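Engineer: sequence first, then the predicted structure:
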Amino acid sequence: MVSSVESVVGTERKVVTEIPGPKSQAMHARRKEVVSHGLTQGYPIYIDRAEGAILLDIDGNRILDLGSGIAVTTIGHAVPEVIEAVSDAVSKFTHTCFMVTPYESYVQVCEELAALTPGDHAKTSALLNSGSEAVENAVKIARLATGRQAVIVFDHAYHGRTNLTMALTAKNMPYKDRFGPFAPEIYRMPMSYPFRDGLSGEEAAKRAIAQIEAQVGAKNVAALLIEPIQGEGGFIDPAPGFLPALSKWTTDNGVVFIADEIQSGFCRTGDWFAVNHEGVIPDMVTTAKGLAGGMPLAAVTGRAELMNAVHEGGLGGTYGGNPVAAAAALATIKVLRDRNLAGRAREIGEQIVSALTSLQKDTNIIGDIRGRGAMIAMELIEPGTKNPNAAAAKAIVAYCNARGVVALACGTFGNVIRLLPPLVITDEQLADGLGVIAEAVRSL
Ligand code: PLZ
């Protein structure tokens, strides 16, 4: 079964129709009748199957995937170990509800999370369905465990689309606009954004801490929630020292430090978690996306004394830690570990940074190149300024799409192109994709 997938999908990008092709266009027309127009419709290439870093669309186009479904299929598509684990789990049982009649794979995922997340303290986890749900639970638990209410978040943050997580997310359009009222007791602080603020990590942390103390008061703060490298907000990688200084302040003040590693976790940045690069040990970590190879699974993992402070029955949900998703996570973690995909993420990062750096030298719209491992972005500016150039980002995405390359934009100002390739991408595939991006930038 696996080898037939290989033979159908192949390993090379190949465009055989206009994009979107006629079948995708017809499908898109059908979709418009029945799917809410509130969902993004920017990339109407309908997928039939996928393998590794290649998506095969219903018109027979082979599309190179530089987005991994927004950092989810980190180990690539149609990974034999995941197919096998999921098939085996499905054939045994698809659901019992862990709160009603539990099963081993849930416990095993929590064992892995306790071992892999930073710090050797005792940890427990709760499994959920989506990243947003993991963040919501982390905040619930931190509030209960501290008896405090305030939550600190940062400019450019993205934490989800549910009511609480919309409030935690910074950007209005499209995430929050007219969806309020939003949850209270959330305070937004300035992020460290080296390209735009020119501050050292220590200086940026000092600025944020002074503002927290003046406007909120340390003793009122339950949790400080931060993405160690921001995702949707523009792949903003804080200056060195920023996260350690915030972490120290939280420890000194009895505040729960929550690292949202939903986009940056599970080897994406060249280590299991992005906080590892600076040796930061969070009190809680939220994970999802890359955790389960495409199956919906999320987790909040934290210090046992915080996580276990919750009264019995206080956490849960019908589907959280579904046995099929849990089996996929165990297989995914094994693949990440056995194939040293963290190491591969670092190699991918070097290749991307080197290609983008030479592109930056002979073009005039790339203001900044940043990120870590296989989570790298370029921030586009108007020539000779630092003014955000969202039009360029839009044009580059459209150019790539038309040539069968999935490239994603992000950023508060919509002017960042981010690369999140599967870590199993080959050097040839990566060079091909970077070549199309270079053509796109030069075409502007
Ligand atoms: N925290 C850091 O990146 C999800 C959102 C895509 P869910 N990012 C992709 C979109 O437009 O909805 C994300 C994240 C970080 C939380 C989340 C939320 O995870 O699984 O989408 O709920």
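Structural biologist: All right, it came through fine.
Engineer: make it CA atoms for all contacts and neighbour counts henceforth
Structural biologist: Fine.
Engineer: got the buried residues for the longest helix anywhere in the chain?
Structural biologist: Looking across the chain with DSSP state H, the single longest helix is helix 341-361. Using 16 or more other Cα atoms under 10 Å as the burial criterion, the residues of helix 341-361 that qualify are 341-353, 355-356, 359-360.
Engineer: what packs against that helix?
Structural biologist: Counting by 3 or more Cα pairs under 8 Å, 6 or more residues apart in numbering; DSSP states H and E, the packing neighbours recorded for helix 341-361 are strand 366-372, strand 375-380, helix 427-442.
Engineer: all helices of the stretch 1-150 of the chain, in order?
Structural biologist: Counting by DSSP state H, counting those that start in this stretch, one finds helices in the stretch 1-150 of the chain at the ranges 2-9, 22-34, 68-71, 80-92, 104-116, 131-146.
Engineer: quick one, what contacts residue 325?
Structural biologist: For residue 325, the set of contacting residues under the criterion of Cα atoms under 8 Å, 6 or more residues apart in numbering consists of 86, 292, 295-297.
Engineer: one more time with 10 Å
Structural biologist: 82, 85-86, 89-90, 94, 105-106, 109, 129, 291-298, 319, 331 (Cα atoms under 10 Å, 6 or more residues apart in numbering).
Engineer: quick check: phi and psi at it.
Structural biologist: Backbone torsions of residue 325, given as degrees, to the nearest 10, read phi -70, psi -40.
Engineer: near the ligand, which residues of the stretch 251-400 of the chain are found?
Structural biologist: Those residues of the stretch 251-400 of the chain that sit near the ligand, judged by Cα under 6 Å from any ligand atom, are 260, 262-263.
Engineer: tell me which of those residues fall in strands.
Structural biologist: Among these, the members found in strands (DSSP state E) are residue 260.
Engineer: from the chain's centroid, how far away is the longest helix of the chain?
Structural biologist: 19 Å (Cα atoms, centre = their mean, to the nearest Å).
Engineer: C-alpha coordinates for it, CSV please?
Structural biologist: Output for helix 341-361, consisting of C-alpha atoms alone and laid out as CSV, is shown next (Å, rounded to 0.1, in the frame of the first residue of the first chain):
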residue,chain,number,x,y,z
LEU,A,341,15.0,15.1,12.4
ALA,A,342,16.1,17.9,14.8
GLY,A,343,19.6,17.6,13.1
ARG,A,344,17.9,17.7,9.7
ALA,A,345,16.0,20.8,10.7
ARG,A,346,19.3,22.6,11.4
GLU,A,347,20.7,21.6,8.0
ILE,A,348,17.5,22.8,6.3
GLY,A,349,17.8,26.1,8.2
GLU,A,350,21.3,26.6,7.0
GLN,A,351,20.3,26.0,3.4
ILE,A,352,17.4,28.3,3.6
VAL,A,353,19.3,31.1,5.3
SER,A,354,22.1,30.9,2.8
ALA,A,355,19.8,31.1,-0.2
LEU,A,356,17.8,34.0,1.3
THR,A,357,20.9,35.9,2.3
SER,A,358,22.3,35.9,-1.2
LEU,A,359,18.8,36.9,-2.5
GLN,A,360,18.8,39.7,0.0
LYS,A,361,22.1,41.0,-1.3
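Engineer: for stretch 32-47, buried residues please.
Structural biologist: Along stretch 32-47, these residues count as buried under the neighbour rule (16+ other Cα under 10 Å): 44-47.
Engineer: and the strands in the stretch 151-300 of the chain?
Structural biologist: Listed in chain order, the strands of the stretch 151-300 of the chain (DSSP state E, counting those that start in this stretch) span residues 186-189, 221-226, 256-260, 284-287, 298-303.
Engineer: residue contacts, residue 159?
Structural biologist: For residue 159, the set of contacting residues under the criterion of Cα under 10 Å, 6+ apart consists of 131-136, 153, 165-170, 225-227, 230-233, 260, 262-263.
Engineer: now do residue 429
Structural biologist: Contacts for residue 429 were tallied using Cα under 10 Å, 6+ apart; they are 11-13, 53-54, 64-66, 421, 435.
Engineer: and these near the ligand, which?
Structural biologist: Filtering those for proximity to the ligand by Cα under 6 Å from any ligand atom leaves nothing.
Engineer: of those, which is the nearest to residue 33?
Structural biologist: Sorting these by distance to residue 33 puts residue 65 at the head of the list, at 27.7 Å, by Cα to Cα.
Engineer: can you tell me how far that closest one sits from residue 267?
Structural biologist: Distance, residue 65 to residue 267, using Cα to Cα, to the nearest Å: 18 Å.
Engineer: repeat that for residue 285.
Structural biologist: Applying Cα to Cα to residue 285 and residue 267 gives a distance of 14 Å.
Engineer: quick one: contacts for the residue nearest to residue 309 when sequence neighbours are not counted?
Structural biologist: Of all residues not flanking residue 309 in the chain, residue 145 sits nearest, at 5.8 Å (Cα to Cα, 6 or more residues apart in numbering). Remark: with contacts taken as Cα under 10 Å, 6+ apart, residue 145 is in contact with 139, 222, 256, 305-310.
Engineer: weed out the non-buried ones from those residues.
Structural biologist: 139, 222, 256, 306-307.
Engineer: quick one: name the residues of the stretch 1-150 of the chain near the ligand.
Structural biologist: Counting by Cα under 6 Å from any ligand atom, the residues of the stretch 1-150 of the chain lying close to the ligand are 130-132.
Engineer: how about the helices and strands packed on helix 341-361, which one is nearest residue 396?
Structural biologist: Ranking the helices and strands packed on helix 341-361 by their distance to residue 396 (criterion: Cα to Cα) puts helix 427-442 first, at 5.3 Å.
Engineer: can you tell me the closest non-neighbouring residue to residue 382?
Structural biologist: residue 389 (5.4 Å).
Engineer: touching, the one you found and residue 383? I think so.
Structural biologist: Yes - distance between residue 389 and residue 383: 8.9 Å, which falls inside the contact criterion (Cα atoms under 10 Å).
Engineer: who's in contact with the closest residue to residue 124 other than its chain neighbours?
Structural biologist: Residue nearest to residue 124 in three dimensions, not counting chain neighbours: residue 304, with 5.2 Å by Cα to Cα, 6+ apart. With contact taken as Cα under 10 Å, 6+ apart, residue 304 is in contact with 114, 121-125, 283-284.
Engineer: and those residues, which two are furthest apart?
Structural biologist: Within those, two members stand farthest from each other by Cα to Cα: 121 and 125, at 13.0 Å.
Engineer: wait, what's in contact with the residue lying closest to residue 384 once chain neighbours are set aside?
Structural biologist: Closest residue to residue 384 apart from its sequence neighbours, by Cα to Cα, 6+ apart: residue 364 at 7.4 Å. Residues in contact with residue 364, defined by Cα under 10 Å, 6+ apart, are 380-385, 441-442, 444.
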